[in-house]
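Novice: next one to model:
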Amino acid sequence: MTELALAGQDAFAPAHTADIAEHLLASSGLRVDVGRRRGRGAAINPDGRFETLNRETFDDGWQTLEELEPFRTEVQVEKPRSIITRNESPDIPFDRSINPYRGCEHGCIYCFARPTHSYMGLSAGLDFEAKLFAKPDSARLLERELSKPGYKPRTIAIGTNTDPYQPIEKEWRIMRQILEVLEKASHPVVIVTKSALILRDLDILQRMAANGLVKVGISVTTLDRKLARSMEPRAATPARRLETIKALSDAGIPVAVMMAPIIPALNDHEIERILESGHAAGAREASYVLLRLPFEVSPLFREWLLRNYPDRYRRVMSLIRSMRDGKDYDAEFGKRMKGAGPYAWQIGRRFELATKRLGLVRRSIQLRDDAFTPPDGAGVQLSLL
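Specialist: You can find the predicted model right below:
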């Protein structure tokens, strides 16, 4: 095995990604052997965009690539100073969120959170799926922040970046600890997941729902099991997600079916079927997000598309760019979630007509914030007055 350090990391910058996926697919150096990445979404592990050098591993003829270890899930502890993240984005319905984990083992190839691994000096590719960070102090930090004088409760969103119920939650149980704090404080929360593991916490969720304190969004991207396994390799199957919607709904917990992302020429033909299936399972709200390809996500997604659906590659990318002003991604508020142009309008109109026919709505249930009771203030500096 030989490792080659290459200059020109700027090749991964958004302005220069027009043909990078094709180059990555053709480059045997950047591709990771299928045996080492089995069960993962990405097939490449390029350096992050902040790295000064781009390192490429290639076979030098001595068969040393065969000695490399498979990509196994590794979890490191992260100790942040605070756990509630604030935002002022005008096109999302919450101003605060919690992320118990950094990175996600589900391995969804389209995940817009992948570039956050670059801040850790890691790759948005296989590293994002295999080198994870857990925040075991989350519940303690949350209790401290909710106890601060002047804190005003508003709905906290969890799962908007990486899934709080990804497989490592079985062992770490950070999400359950967070829910215990929120329930004790009667604090409203919205949870987004594609994992059936959320049913483990049905007892807490049911009690919170009875008090108007919780809603859950289940992401159903496709009903095609083969596509789901390729695109979201370690997430629950589509059928299991629908079963989760039903179980939550039967327990009295408000549930939304979320089609995120919609990918033109790949899963957009399923819009009506997914909404019908979600409604039949008990969902009463619905939403969608158009595929987003910021920073490193673009070459990762396009490499995956070329590898799995080469016959659809040009069609998919052409439609994406037609909705993104000729680019792979447009981060402008108001456009980044829904896109623009005729095809984006058609998607929006189909979604609107289907939800109207089924009686699905967006954000119909408002959660309470008037029952909030601050925790006892452990760890908060006392007033001198």
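Novice: what strands line up against the longest strand seen in the chain, and which way round?
Specialist: Looking across the chain with DSSP state E, the single longest strand is strand 255-262. Strands that pair with strand 255-262, judged by DSSP bridges, come out as strand 214-219 (parallel), strand 285-290 (parallel).
Novice: where's Leu202, which helix or strand?
Specialist: Here Leu202, judged by DSSP states H and E, is contained in helix 202-210.
Novice: against which helices or strands is that helix packed?
Specialist: helix 174-185, strand 214-219, helix 238-250 (3 or more Cβ pairs under 8 Å, 6 or more residues apart in numbering; DSSP states H and E). To be clear about C-beta, it is placed using only N, CA and C from the backbone, and glycine gets the same treatment.
Novice: deepest of the ones you listed, which one?
Specialist: strand 214-219 (a mean of 25; mean count of other Cβ atoms under 10 Å).
Novice: show me where this structure has strands.
Specialist: 2-6, 54-58, 74-77, 84-86, 96-98, 101-102, 131-134, 156-158, 189-193, 214-219, 255-262, 285-290.
Novice: name the helix or strand of this structure that has the lowest mean pLDDT.
Specialist: Ranking every helix and strand in the chain by mean pLDDT, DSSP states H and E puts strand 2-6 at the bottom, with a mean of 43.
Novice: what angle sits between the longest strand of the chain and strand 189-193?
Specialist: Here strand 255-262 runs at an angle of 50 degrees relative to strand 189-193 (axes from the mean of the first three to the mean of the last three Cα atoms, to 10 degrees).
Novice: quick one: strand 255-262 to helix 238-250, angle?
Specialist: Going by the same axes, to 10 degrees, strand 255-262 makes 150 degrees with helix 238-250.
Novice: so what touches strand 255-262?
Specialist: Contact with strand 255-262 is made by 110, 192, 215-221, 245, 248-249, 268, 270-271, 274-275, 277-279, 281-292, 347, 351, 360, as judged by Cβ atoms under 8 Å, 6 or more residues apart in numbering.
Novice: then it to CSV, C-alphas only?
Specialist: Backbone C-alpha positions of strand 255-262 (Å, rounded to 0.1, in the frame of the first residue of the first chain) are rendered in CSV as follows:
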residue,chain,number,x,y,z
VAL,A,255,-46.9,11.6,14.1
ALA,A,256,-45.8,13.1,10.8
VAL,A,257,-44.6,11.3,7.7
MET,A,258,-41.6,13.0,6.3
MET,A,259,-40.4,12.5,2.7
ALA,A,260,-36.9,13.8,3.1
PRO,A,261,-35.3,13.9,0.7
ILE,A,262,-37.2,13.8,-2.6
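Novice: great, nothing more from me.
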